[in-house]
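**Q** okay, predicted coordinates and the sequence, questions at the end:
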Amino acid sequence: MAYKIIASQCTGCSACEPECPNVAIYEKNGVFLIKPEKCTECIGHFDEAQCVAACPVDNTCVIDNAYPRYQAA
Amino acid sequence: METAFESATPTPSRLKPLTGIKVEIAGQPESSGCGTTGGEGKASCGTSDGPDDMSPEVWEKVKNHPCYSEEAHHHYARMHVAVAPACNIQCNYCNRKYDCSNESRPGVVSQKLTPDQAVKKVIAVASEIPQMTVLGIAGPGDALASPQKTFETFRQLQEQAPDIKLCLSTNGLMLPEYVDEICKYNIDHVTITINMIDAEVGEKIYPWIFYNHKRYYGREAAQILTDRQMLGLEMLTARGVLTKINSVLIPGINDKHLYEVNRAVKSRGAFLHNIMPLISEAEHGTVYGLTGQRGPSAQELKDVQDACMGGANLMRHCRQCRADAVGLLGEDRSDEFTLDQIEQMDVVYDLEKRRAYQDKVEVERQAQHDAKHDALAAHSGVDDGMKVLVAVATTGGGKVNEHFGHATEFQIFELTAASAAFVGHRRVDLYCQGGVGEDEQLPSIVNAINDCHAVLVAKIGACPRDELTAAGIEPVDAYAHEFIEKAALTWFADYRSRVASGEITHKERGDAAIRQGAFMAA
């Protein structure tokens, strides 16, 4: 799985973008998105997902069930 | 307070404040802060009194900075550019989702800018408004939570508009990291928002912080924040950077505690302490707005400000500007400088023209300064202990020059027989719209200046005149276009002679309300 950002709740503040260790976050039309193929859920990098921890709006960066859970190498 | 949380929350990365180190602002001994020597009625003190009260180096830094000098704010303008949208802490009085172009308060902004766009906007505004002397980055998040964007903007401006003073506003969490960078770009004014120095108070204000790749909650978060703020403040003071401390007065949470905050920041060399009322409306969707946490009344705010007067110099002319505000404090011309409009403008940065214009403004500022001193000197010697507040309608320049019906704010002066001191301002809804008086607005204006004995205006219509008189507030238009202090003291001398002759009876006034909610710009 990967994280995704719920666009309707994103304030476009950019707090998540520089925190992502995989550079998976990018801006489009004033809100931020996560490239699922790049997201590792921060496993192996940090104890908690950085986008979730930095986001000012609760439950905006959430697990995207459309993708299988990330397996650390 | 340090030890109480030590064992419960071991954070190896925590930095301790350098308590015990004595720090001095370059050229200004700690004890010479005028706040410590100010007498009766000398409320805004060094910030308004000019060169007599501070070293030449400090005076040079503040004399044309509207936020750091009460006197300057009548004449010089500032602007904020919204290049720093991210924040690294959550405050209970802030909701980042809320953005409405009709209101004016920190953290709120309509159009985010890249550093390149911001620089273009600054140059455009500086050409259009030559008395714009100060550029600040105040968010809409935290200037130091988007350090690349903030410092890239400063770097370009230092090259392209070297006469503009640069300042930034921060919650202080990342401040110790960036003190070197701040000095590198000649940023000689930094504002830190400090609402507490005790984590037990802090946990009621800050639900969490994001620090070192981790979210911290509650007391642990507040402890890290206060440690970082104190350390950052000490480091700035040691480097000679002027600091302003903003504190939000939250009744029942930090109202008593702000005296301790005042002492703590003064002892670490803070130049100014700005105590501001909480803005909290349910419609803003903030935690405080939703839980019904109220803001202070005008009297509550003034009581805390008065009690803190012996600490750092107190700022009372703060308008709690938006993160993209443009113009004199209290006005907002950001509508005239949207990205689309800037694209159309033919912009030439003319340093000479700006200097020439500012020289004229400086003459005007000096005239106000002299008029104030003359007025104070003319009325010195008598003090019968009587003290009143008056509201003044002004469009700037330090004069009584605004029509009652056109005023969107009143400046409040505290008068004794021998002194006139600026103690604050009150926002109101416009009474006169399209030439017609809105009578339903009048009660809210009376509420906002209900603690005043008189309102000094350039002109006033018959209807509001009668209603103000009925409410016990004397409408005064006899001193139109005179300097405020002179007008106020002359009126007060007349008032006291009328009391002495038995023509009127002196009565104490009640409290006043601080206006909340959206502020419709005219």
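**A** Sure thing, it's come through. Numbering: from 1, shown residues only, chains lettered A, B, ... in the order given.

**Q** nearest residue to whichever residue of chain A sits closest to chain B in space, please, no chain neighbours.
**A** Taking C-beta to the nearest C-beta as the measure, the point where chain A comes nearest chain B is A:A15, at 3.8 Å. The way it works is simple: take the backbone N, C-alpha and C, and place the C-beta from them, glycine included. Nearest non-adjacent residue to A:A15, counting by C-beta to C-beta, 6 or more residues apart in numbering or on different chains: B:A86, 3.8 Å away.

**Q** what strand or helix carries the one you found?
**A** In the assignment (DSSP states H and E), B:A86 maps to no helix and no strand.

**Q** likewise for B:V455?
**A** strand B:454-456.

**Q** can you read off the pLDDT for B:C463?
**A** You'll see B:C463 listed with a pLDDT of 85.

**Q** number of nearby residues for it?
**A** B:C463 is flanked by 13 other residues according to other C-beta atoms under 10 Å in any protein chain shown.

**Q** where's B:A488 relative to B:Q156, distance?
**A** 44 Å (C-beta to C-beta, to the nearest Å).

**Q** which of these two has more residues huddled nearby?
**A** B:A488 (27 against 17).

**Q** I'd guessed the more buried one sits against B:H453; true?
**A** No - here B:A488 lies out of contact with B:H453, judged by C-beta atoms under 8 Å, at a distance of 10.7 Å.

**Q** what touches both of these two?
**A** Both B:A488 and B:H453 are contacted by B:V390, under the criterion C-beta atoms under 8 Å, 6 or more residues apart in numbering or on different chains.

**Q** what about the strands in the stretch 301-450 of chain B?
**A** Per DSSP state E, counting those that start in this stretch, the stretch 301-450 of chain B carries strands over the ranges B:313-315, B:326-327, B:388-392, B:409-416, B:419-427, B:432-433, B:436-437.

**Q** of these, which is nearest chain A?
**A** strand B:326-327 (21.8 Å).

**Q** and the contacts of that closest one?
**A** Residues outside strand B:326-327 that contact it (C-beta under 8 Å, 6+ apart) are B:A77, B:R78, B:M79, B:H80, B:V125, B:I129, B:M132, B:D332, B:R333, B:S334, B:E336, B:F337.

**Q** do stretch B:208-219 as well
**A** With C-beta under 8 Å, 6+ apart, stretch B:208-219 has contacts from A:15, A:19, A:46-48, A:50, A:53-54, B:5, B:8-9, B:11, B:13, B:88-90, B:173, B:199-200, B:202-203, B:207, B:221, B:224-225.

**Q** figure out the helix or strand that B:I192 lives in.
**A** strand B:189-193.

**Q** OK, contacts around residue 60?
**A** In the absence of a named chain, chain A is used. Counting by C-beta under 8 Å, 6+ apart, A:T60 touches A:I5, A:I6, A:Q9, A:C10.

**Q** ok, and the closest non-adjacent residue to the second one?
**A** Yep, that's A:I6 we're talking about. Distances taken as C-beta to C-beta, 6+ apart put A:T60 closest to A:I6, at 5.2 Å, once the chain neighbours are dropped.

**Q** could you tell me how many residues sit around B:V400?
**A** 25.

**Q** check B:L339 too.
**A** Using other C-beta under 10 Å, B:L339 has 12 neighbouring residues.

**Q** ok, now the one 4 residues further on?
**A** Burial of B:E343 is recorded as 10 neighbouring residues (other C-beta under 10 Å).

**Q** okay, it: pLDDT?
**A** 76.

**Q** give the contact list for it.
**A** So B:E343 contacts nothing (C-beta under 8 Å, 6+ apart).

**Q** distance of B:I224 from B:A356?
**A** Counting by C-beta to C-beta, the gap from B:I224 to B:A356 is 49 Å.

**Q** who does whichever residue of the stretch 101-250 of chain B sits closest to chain A bridge with?
**A** Residue of the stretch 101-250 of chain B nearest chain A, by C-beta to the nearest C-beta: B:R215 (4.2 Å). Bridge pairing for B:R215 (DSSP bridges) gives the partners B:F210.

**Q** which bits of chain A sit near chain B?
**A** Contacts of chain A with chain B, taken as C-beta under 8 Å from any C-beta of the partner chain, map to A:9, A:11-15, A:18-19, A:46-48, A:50, A:53-54, A:56-57.

**Q** just the buried ones among those, please.
**A** A:T11, A:C13, A:S14, A:A15, A:P18, A:E19, A:Q50, A:A53, A:A54, A:P56, A:V57 (16 or more other C-beta atoms under 10 Å in any protein chain shown).

**Q** give the contact list for the most centrally placed residue in chain B.
**A** Centroid-nearest residue in chain B, with C-alpha atoms, centre = their mean: B:C318, separated by 1.7 Å. Taking C-beta under 8 Å, 6+ apart, we find B:C318 in contact with B:C67, B:N246, B:N274, B:M276, B:L329.

**Q** who touches stretch B:285-304?
**A** With C-beta under 8 Å, 6+ apart as the test, stretch B:285-304 has contacts from B:92-95, B:97-98, B:207, B:249-253, B:255, B:258-259, B:275, B:277-283, B:423-424, B:426, B:448, B:451, B:511-514, B:516.

**Q** gap between the two ends of that stretch?
**A** This stretch, stretch B:285-304, spans 27 Å end to end (C-alpha to C-alpha, to the nearest Å).

**Q** now stretch A:19-37
**A** End-to-end distance (C-alpha to C-alpha), stretch A:19-37: 17 Å.

**Q** now do the contacts for the residue of chain B found nearest chain A.
**A** Closest contact between chain B and chain A, by C-beta to the nearest C-beta, is at B:A86 (3.8 Å). Applying C-beta under 8 Å, 6+ apart, we find B:A86 in contact with A:C13, A:S14, A:A15, A:P18, A:A54, B:G141, B:D142, B:A145, B:S146.

**Q** want to throw these into a markdown table with pLDDT and distance to B:V119?
**A** Below are these laid out as a markdown table (pLDDT from 0 to 100; distance: C-beta to C-beta, whole Å):
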| residue | pLDDT | distance to B:V119 |
| --- | --- | --- |
| A:C13 | 90 | 21 |
| A:S14 | 93 | 19 |
| A:A15 | 95 | 23 |
| A:P18 | 95 | 21 |
| A:A54 | 96 | 27 |
| B:G141 | 88 | 19 |
| B:D142 | 92 | 20 |
| B:A145 | 94 | 20 |
| B:S146 | 92 | 15 |
